[in-house]
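Novice: Sequence plus predicted model, see below.
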Amino acid sequence: RKEVEQDPGPFNVPEGATVAFNCTYSNSASQSFFWYRQDCRKEPKLLMSVYSSGNEDGRFTAQLNRASQYISLLIRDSKLSDSATYLCVVNQGGKLIFGQGTELSVKP
Amino acid sequence: EAGVVQSPRYKIIEKKQPVAFWCNPISGHNTLYWYRQNLGQGPELLIRYENEEAVDDSQLPKDRFSAERLKGVDSTLKIQPAELGDSAVYLCASSPGDRAAEAFFGQGTRLTVV
């Protein structure tokens, strides 16, 4: 079993749609959590950290459920520019473990 | 401020040849990571440094891969000899060392072994 699991997609959605990604992690001792965005042939970049109380940044909302060991990312009012791969990342004692990534394609 | 700098950006070599990648992290970042990313997959950790000490190299194939971080700044990752299956993007990242802090990635080196 992978330490961090994501549905690879692709998720194909129209502009303006709301889309949600989930991620599960296996190690309950994981300390911090992130969502990274990776554009085609580019390096990963931090999208947002994920806090236990949930957090929002504009159209993006991240949630953490420690009891169930899953993390979610909600994107509202999708834009064409949101098309990318979204990577779920878990920090275990300083080691950043990446999921496979979920591919999102937003269509006009 | 400059980000993480990697070189070369692209490298094509024949199998059994050696290859080296270089990384200059963000100034002041104590933690340095080397990741390997295959097409359609997330980055996989090869080695993590805290200053000049390799604190996690459990996933580094030590029969052919080696890394060093002299003086706790720049780092070099070497493969000798390269195999066809080593073709991938090699990403370097750095972090201030706070375990809640984000990691900043370089643009990566795309290695093709033929």
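Specialist: Yes, it's here. Numbers count the residues shown, from 1 in each chain, chains lettered A, B, ... in the order given.
Novice: Then A:S49 would be within a strand, right?
Specialist: Yes: under DSSP: H, G, I helix; E, B strand; the rest coil, A:S49 sits within a strand.
Novice: Enumerate every residue touching it.
Specialist: Residues in contact with A:S49 (CB atoms under 8 Å, 6 or more residues apart in numbering or on different chains) are A:S32, A:F33, A:F34, A:N55, A:A62, B:A100, B:E102. All C-beta atoms are positioned from the backbone trio N, CA, C, and that covers glycine.
Novice: repeat that for 7 Å
Specialist: A:S32, A:F34 (CB atoms under 7 Å, 6 or more residues apart in numbering or on different chains).
Novice: With adjacent residues omitted, what lies nearest to the residue nearest the centre of chain B?
Specialist: Nearest to the centroid of the C-alpha atoms of chain B, with distances taken as CA atoms, centre = their mean, sits B:W34, at 3.0 Å. Distances taken as CB to CB, 6 or more residues apart in numbering or on different chains put B:L46 closest to B:W34, at 4.4 Å, once the chain neighbours are dropped.
Novice: Does the helix or strand hosting B:I12 reach chain A?
Specialist: For B:I12, the host element (DSSP states H and E) is strand B:10-13. No: counting by CB under 7 Å from any CB of the partner chain, chain A has no neighbours in strand B:10-13; the shortest distance is 11.1 Å.
Novice: Residues contacting the very next helix or strand once past that strand, please?
Specialist: For strand B:10-13, the succeeding helix or strand toward the C-terminus, using DSSP H and E, is strand B:19-24. Contact partners of strand B:19-24, identified using CB under 7 Å, 6+ apart, comprise B:4-7, B:11, B:13, B:32, B:74-79, B:82, B:90, B:92, B:106, B:109, B:111.
Novice: Now, of the residues you listed, which are buried?
Specialist: Those of those that meet the buried threshold are B:4, B:6, B:11, B:13, B:32, B:75, B:77, B:79, B:82, B:90, B:92, B:106, B:109, B:111, by 16 or more other CB atoms under 10 Å in any protein chain shown.
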